[in-house]
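>>> Provided below are the primary sequence and the corresponding predicted coordinates.
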Amino acid sequence: MNFFGMARKNALRKPLRTALLIICVTVAFLIYGLTASFVNGSQGGASGASENILGVMSAAGRTQPLPISYINRIKAEPDVLAVGYMTRLRGFATVEKNIIPVSAFDPRQLMDVNGKELGLTSQLMERFSENRGKVLVGRALAEAQGWKIGQRITVTSFDVQKQDGSRDWPFDIAGIFEGENASTDTYFVIAQYDYVNAMRSRHKDTVDAFVVRPQQHVAAGELAARIDQQFANSAAPTRTQSEKQFLEAFLRQYADIGLIVNLVVGAAFITLLMIIVNTMVFAVRERNFEIGVLKTLGFSDFRIMILILGETLFIFAVGGGIGLAGAMAFAAFSSPALGLVLSMELFFNAMIMIIALGIATGALPARNALKTPAVTALRAR
Amino acid sequence: MTYDSTQSPYIVLNAIRKGYRIGSETVPIFSNLDLEIPRGDFVAIMGPSGSGKSTLLSMLAGIDRPDSGSLCIGTCLLHQMGEAARTAWRAGNMGIVFQFYNLLPMLNAAENVELPLLLRPLSSKERRVRVEKVLDLVGLAGRGNQHPKLMSGGQQQRVGIARAIVTDPPLLLCDEPTGDLDRKSAEDILGMLRVLNKEMGKTIVMVTHDPQAAQYASRTLHLDKGIFTEERRAAR
Ligand SMILES: Nc1ncnc2c1ncn2[C@@H]1O[C@H](COP(=O)(O)OP(=O)(O)O)[C@@H](O)[C@H]1O
Ligand SMILES: [Mg+2]
């Protein structure tokens, strides 16, 4: 037996009480793990988006088209390393609920502008470019839909009609792109601009956005302002934002998800803190005489504090561990469309929270224990 | 061992004053208490309930401090030592046996005995060896895994004694160690204390109500109204 073994035995002497506390902690950390990984993930937040890549869209709204000819004026800007145009084709597969985002690019431009972030390889691009009907599908989307390379898929667009009046767009999957890392959004289809542009009935030779990669060490914010300046007095003024800013602004249209998550998690943890502090204060009070005995045997205040903090840390370590493992399992088996990402950072934060909450909840009962005089042992019964 | 006043005393209490504050008043327990106990003595302290026996024992144990006067045990001036220093002193210098055993309910017998050893730089193997040795000494060999709850009072008190002596302290303090036991168990426990005193040279101070228990000691002090009267006799 050692000190931690003693703390554990103290925790387990009332198994029901401890089990309930552990369940509280488990639920709190499950909530934390899921919400934080949702925010982390590409669908939930903008953390996976690049701060460096700029998107040039119409100032009139992100669904308003821009003339394709703008690309030459953007390219002429010396701080621009590469630029590509894109058009969106939001649609669904089979049922309307099953939304499939499609972005159509020029393959070569895409490789220069965003190849690294999307994890595009030259092999992948070669197969993609074989003919105009080929597409690349992101890993998350491919897994969610069960799509395989070589398969023909049909995306029914909500708003982009073909010249023949149909809104069904057939594509052939040339490959699957992985994204640079786990937080890259790969829940979309990369199609070819020429194919979409040739077949659509309206908005020919327009684009929804230009994607700009600035030269290294260029302040993206200043470049964005300069680009917008160029088109300020034209028929279609632009609004240029970093990909991250754009995603954040986009999410904020619905609500500040990050803030809500913090509030929910914060409320859960404060409640938890109060429940456990209260329970532990009573648990320690019940053991007053034992604490007196330990003091009589020569256990210092420090050791008694460690003993009680060890108990709360034990509860948080077990509950937090189970909660995070649950969140991890959920993230692993949930639909990739949710885009849950449990990063190392999240685990690190959780670890700090486990320790901080373990100490915070143990502090008051420990202080009470320290006030218990050793003579209590002689007066017991 | 008989009392020999020429030997330099191990425990010296000099002009001890001690009272308890109740509200604004201080109720005095001792106003001027003197006591000397030589090394290796076995002293029984008797007296009516409320006469201050436990208070005296808690001062000897270093868990309470006199209001004034001096209290020296060995070379330590306990009356001058702060809480932390006395706590450290307790861990190394005395063992204590309680009337109601005061074993921790979530620990088994061996773990209860092991407690004081957790404060020492010993490996778990060394601790186990020492725990087994003292359990053997108190006649509980092989019972280490048993929980105190499932033991008789006499057995629990043996665990209590084992815990008190596992660190091999020179001083053993007992507060009514047989007060909760039947006659037979009480005699076992008292016999054990006598062995610890005679064969292992431990100085023992035992508070008791029971005149028969006091017979095991080499002398008995009667405490009443804050002063001692001594009953002297040869050791049995
Ligand atoms: N912490 C305390 N506060 C106030 N009075 C106390 C306290 N401890 C003991 N007393 C009082 O001091 C007297 C002596 O107590 P104690 O030493 O326990 O006596 P004994 O052990 O001889 O029965 C009793 O009257 C008791 O009520
Ligand atoms: Mg008493």
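Thanks, I have it. Ligands and ions are numbered 1, 2, ... in the order given.
>>> mind checking pLDDT for residue 147?
Reading this off chain A. Among the per-residue scores, A:Trp147 shows a pLDDT of 94.
>>> looking at chain B here, not the other one
94.
>>> grab the nearest non-local neighbour of it.
With sequence-adjacent residues excluded and distances taken as C-beta to C-beta, 6 or more residues apart in numbering or on different chains, B:His147 is closest to B:Asn108, at 5.3 Å. Where C-beta positions appear, they are placed from N, C-alpha and C, glycine not excepted.
>>> report whether the lengthiest helix in chain A contacts chain B.
Identified as the longest helix of chain A according to DSSP state H is helix A:301-333. Yes. Shown here: helix A:301-333 in contact with chain B (C-beta under 8 Å from any C-beta of the partner chain) through A:301, A:303.
>>> buried residues in that helix, which are they?
A:303-324, A:326-328, A:330-331 (16 or more other C-beta atoms under 10 Å in any protein chain shown).
>>> what residues sit buried inside stretch A:201-208?
Neighbour-count burial for stretch A:201-208, counted by 16+ other C-beta under 10 Å, picks out A:206-208.
>>> one more: stretch A:279-288?
For stretch A:279-288, the neighbour count (16+ other C-beta under 10 Å) marks A:279-281, A:283-284, A:287-288 as buried.
>>> so what pairs up with the nearest residue to B:Pro211 once chain neighbours are set aside in the strands?
Counting by C-beta to C-beta, 6+ apart, B:Met46 is the residue found nearest to B:Pro211 once chain neighbours are left out, at 7.2 Å. B:Met46 has these beta-bridge partners by DSSP bridges: B:His222.
>>> thought B:Met46 was touching B:Thr208?
Yes. Using C-beta atoms under 8 Å as the test, B:Met46 is close enough to B:Thr208 to be in contact (6.1 Å).
>>> looking at these two, which is more packed in?
B:Thr208 (26 against 22; other C-beta atoms under 10 Å in any protein chain shown).
>>> quick one on the thing from earlier: which residues do B:Met46 and B:Thr208 both contact?
Jointly contacting B:Met46 and B:Thr208 under the rule C-beta atoms under 8 Å, 6 or more residues apart in numbering or on different chains are B:Ala214.
>>> average pLDDT across stretch A:301-320?
Averaging the model's pLDDT scores along stretch A:301-320 yields 92.
>>> get me the contact residues on chain B for ligand 1.
B:20, B:22, B:29, B:47, B:49-55 (C-beta under 6 Å from any ligand atom).
>>> could you give the bridge partners of the residue lying closest to A:Val207 once chain neighbours are set aside?
Here the nearest residue to A:Val207 in space, its sequence neighbours aside, is A:Tyr85; by C-beta to C-beta, 6+ apart that works out to 4.0 Å. Here A:Tyr85 sits in beta bridges with A:Phe210, as judged by DSSP bridges.
>>> surely A:Tyr85 is in contact with A:Pro107?
No. Contact status for A:Tyr85 versus A:Pro107: not in contact, 12.0 Å apart, counting by C-beta under 8 Å.
>>> of the two, which one has the most company?
A:Tyr85 (25 against 22).
>>> gap between the more buried one and chain B?
Taking C-beta to the nearest C-beta, to the nearest Å as the criterion, A:Tyr85 is separated from chain B by 70 Å.
>>> for that residue, give its distance to A:Arg108.
Between A:Tyr85 and A:Arg108 the distance is 12 Å, computed by C-beta to C-beta, to the nearest Å.
>>> and the two most separated of the buried residues of stretch A:279-288?
Among the buried residues of stretch A:279-288, the pair separated by the greatest distance (C-beta to C-beta) is A:Thr279 and A:Asn288, at 15.9 Å.
>>> quick one on the thing from earlier: could I get the buried residues of stretch A:201-208 as CSV with pLDDT?
Formatted as CSV, these follow (pLDDT from 0 to 100):
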residue, pLDDT
A:Thr206, 93
A:Val207, 94
A:Asp208, 92
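>>> these into a markdown table, with extra columns for secondary structure?
Rendered in a markdown table, the data for the buried residues of stretch A:201-208 read as follows (DSSP: H, G, I helix; E, B strand; the rest coil):
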| residue | secondary structure |
| --- | --- |
| A:Thr206 | strand |
| A:Val207 | strand |
| A:Asp208 | coil |
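>>> let's verify the nearest residue to A:Gln230 once chain neighbours are set aside: helix, strand, or coil?
If the residues on either side of it in the chain are set aside, A:Gln230 comes closest to A:Arg73, at 5.8 Å by C-beta to C-beta, 6+ apart. Applying three-state DSSP to A:Arg73 yields a three-state assignment of helix.
>>> so what's the residue count around the residue of the stretch 151-300 of chain A found nearest ligand 1?
The stretch 151-300 of chain A approaches ligand 1 most closely through A:Gly292 (11.9 Å), counting by C-beta to the nearest ligand atom. Neighbouring residues of A:Gly292 were enumerated by other C-beta under 10 Å; the total is 22.
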